[in-house]
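A.B. asks: got a predicted model here, sequence first, then my questions.
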Amino acid sequence: MMQATALRATTRKPRSAAPARSLTELYKDFATAHSQLQAADQALEGTDLNAMTPQMVRFERLGARCQKLAQRVLEAPALSTREILLKLRVVAWAHADQNCSLEQYDHAMPAAIEETEAAKVLAGVQADLLRIGAAR
């Protein structure tokens, strides 16, 4: 039985690869999932967070989806300063312990990430990119 499965797997026609999605497209998916996560978080107010209610299950799934999409955004190549800023926003979200709007992370990088040398460098890069973008 196992050999037939292996044989069948090797004789299947390969699927054509889906076209690579741009960082901006991936970020839009992330932003949509993030807004759904925020709504799910608000729906949990006043409930027992230790109980696995349907609302908690939805929240957990949306959190996992956000993490997966964030990883894809961070792995995608940035082709502009705007896309680099989107990546930095996702980095700040991934390391923050608060749930705020994504735009707020543009100015919360130092507070969102532990005060390490790498965090200071990222905050400096973010500030430079925001300044360059504003100058255009």
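C.D. replies: Received the coordinates, thanks. Model, not experiment: these values are computed from the prediction.
A.B. asks: which stretches in the chain count as helices?
C.D. replies: With DSSP state H as the criterion, the chain has helices at 2-11, 23-43, 54-75, 81-95, 109-112, 117-135.
A.B. asks: worst average pLDDT in these?
C.D. replies: When these are ranked by mean pLDDT, helix 2-11 comes last with a mean of 45.
A.B. asks: how about residues contacting stretch 64-78?
C.D. replies: 21-23, 26-27, 29-30, 33-34, 37, 84, 86-87, 90-91, 93-94 (C-beta atoms under 8 Å, 6 or more residues apart in numbering). To be clear about C-beta, it is placed using only N, CA and C from the backbone, and glycine gets the same treatment.
A.B. asks: give the closest residue to the residue nearest the centre of the chain in space, chain neighbours not counted.
C.D. replies: Per C-alpha atoms, centre = their mean, the C-alpha nearest to the average position across the chain is that of residue 70, at 2.1 Å. The shortest distance from residue 70 to any non-neighbouring residue, by C-beta to C-beta, 6 or more residues apart in numbering, is to residue 90 (4.9 Å).
A.B. asks: now do residue 41
C.D. replies: Using C-beta to C-beta, 6+ apart, the closest residue to residue 41 is residue 99 (5.7 Å).
A.B. asks: residue 37 versus the one you found, what's the distance?
C.D. replies: Noted for residue 99: a distance of 7 Å to residue 37, by C-beta to C-beta, to the nearest Å.
A.B. asks: ok so, going back, the residue nearest to residue 70: how many residues sit nearby?
C.D. replies: 25 (other C-beta atoms under 10 Å).
A.B. asks: same check, this time on residue 26
C.D. replies: With other C-beta under 10 Å as criterion, residue 26 counts 22.
A.B. asks: with residue 130 instead?
C.D. replies: 16.
A.B. asks: test my guess that it contacts residue 106.
C.D. replies: Yes - judged on C-beta atoms under 8 Å, residue 130 makes contact with residue 106 at a distance of 6.6 Å.
A.B. asks: shared neighbours of those two, anything?
C.D. replies: residue 85.
A.B. asks: okay, residue 99 and residue 37: which has more neighbours?
C.D. replies: Ranked by neighbour count (other C-beta under 10 Å), residue 99 and residue 37 place residue 37 first, with 19 against 12.
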